[in-house]
Each structure stands twice: as C-alpha cells, then as structure tokens.
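# After the sequence you'll find the predicted model.
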Amino acid sequence: MNYFITGGTGFIGTHLASLLHEVHPEARIYNLDIVEPGTPLPTVKNYKPALRKGEEHAATFIYCDIRQPIELEKVNITPDDVIFNFAAVHRTPGHPDLAYFETNIRGAENVCAFAERHGIRKIVFTSSIAPYGAAEELKEETTLPMPNTPYGISKLVAEKIHQTWQAGGEGRQLTIVRPGVVFGRGENGNFTRLYWGIRGHKFMYPGRKDTIKACIYVKELVRFMLYRLEHHDSGVELYNCCYEPAYTIEHIVESMKRVTNMKVKVPFMPGWLIMTAAGIAGALGSPMGICPARVRKLQISTNICGKKLSASGYRFRYTFEEALADWYKDNGNLYLQ
C-alpha cells in the first residue's frame with residue numbers, strides 16, 4: 001500500500017510522514033514535492049526546514065510539480081492507495097494572486113485526475129479557514145463561505161474540485177480539513193513569530209487582547225487525519241480543525257510564557273499607534289515579519305468552531321499547554337520554532 005503526500009516536504013507533510021512511518025512501518029510513503037527535504041525556501045525569510053541537521057524524511061522523495069499532470073514512473077500504484085493533498089501556495093500576504101490560483105486550483109485538478117486515472121478511492125485534502133473570509137462571527141462547517149482573498153478563493157475552488165472527483169465514482173472517500181493556525185516544530189509561521197516577538201520584547205497586544213485565534217497542534221492534526229481515514233467509509237466530510245473553544249491571543253501569549261518560563265510583561269498598544277509602527281517597520285524591510293497586513297490579521301478574530309471535531313469520537317492527545325510543552329521539548333527546551 002502506498003501513501004502519497006503532495007507537498008510532503010512542508011511542515012505538516014513532514015509530521016504526517018513521521019506518523020505514518022510509526023503507525024504503518026510496512027507501508028510505502030512517497031513525498032511528491034518540488035522542494036527536497038531539508039532545503040531552505042527562498043520565498044520565506046529565515047526559513048527553518050522541518051527536518052533538523054542529520055534527520056531524514058520518513059517518505060521517499062519524488063520531484064513532482066502538481067501544476068503539471070502527475071506521472072509517477074516505477075511506482076506500483078493501486079486503488080487501495082491514499083493521497084494526502086497538502087501542496088499549496090498558502091502564505092498570505094506574500095505571493096502574486098496568480099500563484100495561489102495556479103498552484104491551488106490547477107494542483108487540485110491534477111491530483112484528482114491522478115486519482116481518477118489509477119482508481120484511487122481515498123483523498124485527504126488540507127484546505128484552510130480562509131474560505132470563510134475575515135469576520136468576527138463564529139464559523140461552523142455549515143457557515144456560508146465568503147472568501148475575500150485570492151488564497152481563500154483558490155482553496156474554496158479546490159474543495160469543489162475534490163468534491164466533484166468524489167461524486168464521480170462509487171465508494172470514494174474524501175476528507176476535507178480546515179485547520180486554524182497550525183503550530184509545532186518547523187512551522188515558520190504565526191506562533192513562531194509570536195514567541196520570538198514576546199521573547200525579544202517586540203510584541204505588543206495590537207489594539208485588543210480578546211482577539212480569538214483558532215489553532216491546533218500539528219501532531220494532533222495529523223493524528224486526526226489518520227483517525228478519519230479509519231472511521232470514514234465513503235462520501236465527503238468536512239471538519240474545522242482547532243481546539244474547542246478557540247483561544248484568545250491573551251490566553252495564547254500567557255500559555256507560551258508559562259510553558260517556556262518567560263518572565264516578560266507584554267504591553268498593550270492602541271490600534272492606531274501599532275499600525276503606524278507597522279508601516280514604519282514595513283518600510284524598513286519588515287523585521288520579524290512585521291508589516292501592516294500582518295498586524296491587521298492579528299486584530300481580526302479567526303473565530304472557528306471545533307465542536308464537530310470534538311464530537312467525532314477523536315480523543316485529543318494533548319491539551320493546548322501540553323502541546324506547547326511538547327513543541328518546546330522538541331527544541332531541547334530552549335525555544336519554539
């Protein structure tokens with residue numbers, strides 16, 4: 001049996017490959033990506049690969065650009081194989097509009113065509129909460145999507161492409177997950193920037209402390225994906241993936257401080273003042289990733305409901321603080337990144 005992970009060199013893909021190797025050591029795991037494991041990404045400043053020096057990826061790397069038709073030579077593909085479609089252009093802001101549509105939409109078409117060609121019946125697709133759009137209201141899986149960014153639009157279209165594939169054959173199983181902020185070792189994202197901002201006395205509450213930031217630990221997310229593969233027979237299922245209830249930015253900051261023993265007082269800055277400071281920082285090259293667009297994202301809640309996941313029968317392995325502690329331990333109890 002084969003497991004194909006598109007975008008497997010990335011943060012989530014690396015963690016999934018490790019879990020698959022642990023749970024199914026007999027299986028063949030393939031990482032279909034344009035970036036070799038351990039290679040820095042030129043598009044991400046100060047990028048830290050998910051693998052540390054001396055570590056090996058648990059999957060076999062095959063160069064594969066999902067923007068092109070997928071042809072895998074010398075791989076014995078069977079209908080019992082599973083595809084995890086993670087490959088995407090996702091950092092926003094940060095890319096031209098075309099890049100989101102070209103990779104996320106064309107990639108979905110090519111992945112589904114590959115599954116169709118080989119009779120593969122199971123796909124797990126990692127979407128995003130971006131299709132909901134930016135708004136303070138609570139978002140459930142039944143909430144009407146209203147994406148307001150190229151990334152969010154492209155991910156919603158990609159969901160529909162996968163759903164069309166599922167409807168095209170008997171017994172096909174599609175799981176779509178919409179994770180909140182995914183954190184853990186190798187994320188190179190919001191939680192890492194937040195941690196170093198607090199530690200370096202460069203983070204201030206941007207106009208409010210009650211902003212809700214739905215999130216999930218990467219090791220929890222990949223375990224949930226495997227759980228759904230085992231407990232879903234056919235059809236389409238959609239899950240928001242986040243802790244329930246979602247946490248405020250103040251709760252996240254204070255938890256980070258407790259777990260990593262940071263004795264730092266985080267000040268509050270009025271919204272108008274921090275936007276001015278972010279504008280100046282952006283003009284200076286956005287140190288620590290600070291720019292007006294990212295500050296605006298901090299000020300808007302990602303108020304995502306995780307009740308459906310909680311009721312799915314899946315049992316969380318980590319509480320939020322246990323997840324932070326596990327991440328800290330993965331870095332030798334020295335830092336979070």
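That came in fine, so what should we check first?
# Please enumerate the strands of the stretch 101-250 of the chain.
Taking DSSP state E, counting those that start in this stretch as the criterion, the stretch 101-250 of the chain contains strands spanning 122-126, 173-179, 181-183, 205-206, 212-213, 215-217, 235-241, 247-248.
# Show the secondary-structure elements that the second one is packed against.
Judged by 3 or more C-beta pairs under 8 Å, 6 or more residues apart in numbering; DSSP states H and E, the packing partners of strand 173-179 are strand 122-126, helix 150-167, helix 218-230, strand 235-241. From N, CA and C alone the C-beta is placed, and that goes for glycine too.
# so which of the ones you listed is the most packed in?
Greatest average neighbour count among the helices and strands packed on strand 173-179 goes to strand 122-126 (a mean of 25), per mean count of other C-beta atoms under 10 Å.
# Which neighbouring elements make contact with that one?
With contacts defined as 3+ C-beta pairs under 8 Å, 6+ apart, the secondary structure elements packing on strand 122-126 are strand 82-85, helix 97-118, helix 150-167, strand 173-179, helix 218-230.
# And these: which comes nearest Glu322?
helix 218-230 (10.0 Å; C-beta to C-beta).
# hmm, who's touching that closest one?
If you take C-beta atoms under 8 Å, 6 or more residues apart in numbering as the criterion, helix 218-230 is touched by 11-12, 15-16, 19-20, 23, 82, 84, 122, 124, 173, 175, 177, 179, 182-185, 187, 237, 239, 241, 309, 312-314, 316-318, 323, 326.
# between that helix and strand 235-241, what angle do the directions make?
Here helix 218-230 runs at 160 degrees with respect to strand 235-241, directions being taken by axes from the mean of the first three to the mean of the last three C-alpha atoms, to 10 degrees.
# and helix 218-230, average pLDDT?
Average pLDDT, helix 218-230: 97.
# Determine the angle, from 0 to 180 degrees, between it and strand 122-126.
Interaxial angle of helix 218-230 relative to strand 122-126 (the same axes, to 10 degrees): 150 degrees.
# Can you give me the distance of the closest residue to Thr143 other than its chain neighbours to Thr103?
With C-beta to C-beta, 6 or more residues apart in numbering as the measure, Tyr132 is the residue that lies nearest to Thr143, at 6.1 Å, once sequence neighbours are left out. With the distance defined as C-beta to C-beta, to the nearest Å, Tyr132 ends up 21 Å from Thr103.
# in what helix or strand does Val253 lie?
With elements delineated by DSSP states H and E, Val253 resides in helix 249-260, which encompasses its position.
# Tell me the gap between that helix and the middle of its chain.
21 Å (C-alpha atoms, centre = their mean, to the nearest Å).
# What are the buried residues along it?
Going by neighbour count (16 or more other C-beta atoms under 10 Å), the buried part of helix 249-260 is 249, 251-257, 259-260.
# Please apply the same query to stretch 200-216.
Buried residues in stretch 200-216, defined by neighbour count with 16+ other C-beta under 10 Å: 203-208, 211-216.
# before we move on, back to that, looking at the strands of the stretch 101-250 of the chain, which has the lowest confidence?
Set side by side, these show their lowest mean pLDDT on strand 205-206, which sits at a mean of 89.
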